[in-house]
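>>> need a 3D model of the following:
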Amino acid sequence: PCLVVDAGTALTFTAGTKEGGCGGGAILPGLRLALQTLHSRTALLPPLSLPSVPSSLQPSSPSSLPPSFPPSRFVSSTALAIQSGVINGAVAVIRDYAKAFHREFCGGGKRRRKRKEGREGGRSGGAKVENGNPSDLKEGGREEEKERKEEEEGLRAPVVFTGGDAPLLFAAVNVRDKEE
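Numbers count the residues shown, from 1 in each chain. Modelled structure (predicted):
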């Protein structure tokens, strides 16, 4: 499975299934379109551009970014507030879609659902231990451990950024992920 985030005029999400098919997608306004719309459809907001990020930016080099990137969420000027809203809003949307993709296409929600069903049926849903020794897992515990490993492997499915604003969004998502 793979999630493709295309950051062009529109911000699109396309889910690729493990079978190689298309699992669906979503389309939102892109960063530049959002900036243009805020300027053209409001009376007083100024025209703005996005901060520049080197196209050669690699995942291992967010330190090459200016210290104010991405913009703080709460800022004191109108221009920075617009950039903050557009960039940080897109980052939040990307992170939300990535989580949903991993849940729906990589098995990230299977374990939680099973545990909940187990509680409703009067079972704990956790690993079973005999004689107080965790190495003595009964069959139910082994299956849950196998599911956990499959889930962790599925959560490593790639999210691919493409499009003109991909370097900026990729960098912003990486910086926010490191903060948390």
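
>>> all the strands of the protein, residue numbers only.
Applying DSSP state E to the chain gives strands spanning 2-7, 10-16, 22-29, 129-130, 133-137, 159-162.

>>> and the second one, what other elements does it pack with?
So the one you mean is strand 10-16. When contacts are defined as 3 or more Cβ pairs under 8 Å, 6 or more residues apart in numbering; DSSP states H and E, strand 10-16 packs onto strand 2-7, strand 22-29, helix 78-105. From N, CA and C alone the C-beta is placed, and that goes for glycine too.

>>> next, the angle from it to strand 22-29.
Angle, strand 10-16 to strand 22-29, by axes from the mean of the first three to the mean of the last three Cα atoms, to 10 degrees: 170 degrees.

>>> quick one, strand 10-16 and helix 78-105 angle?
Angle of strand 10-16 versus helix 78-105, following the same axes, to 10 degrees, is 20 degrees.

>>> what's the answer for the third one, then?
For strand 22-29 and helix 78-105, the angle between their directions (the same axes, to 10 degrees) works out to 170 degrees.

>>> ok, back up a step: mean pLDDT lowest where, among the strands of the chain?
The minimum mean pLDDT among the strands of the chain belongs to strand 129-130 (a mean of 42).

>>> against Leu3, how distant is the closest residue in space to His102 that isn't next to it in sequence?
Nearest non-adjacent residue to His102, counting by Cβ to Cβ, 6 or more residues apart in numbering: Gly108, 4.2 Å away. Gly108 sits 12 Å away from Leu3 when distances are taken as Cβ to Cβ, to the nearest Å.
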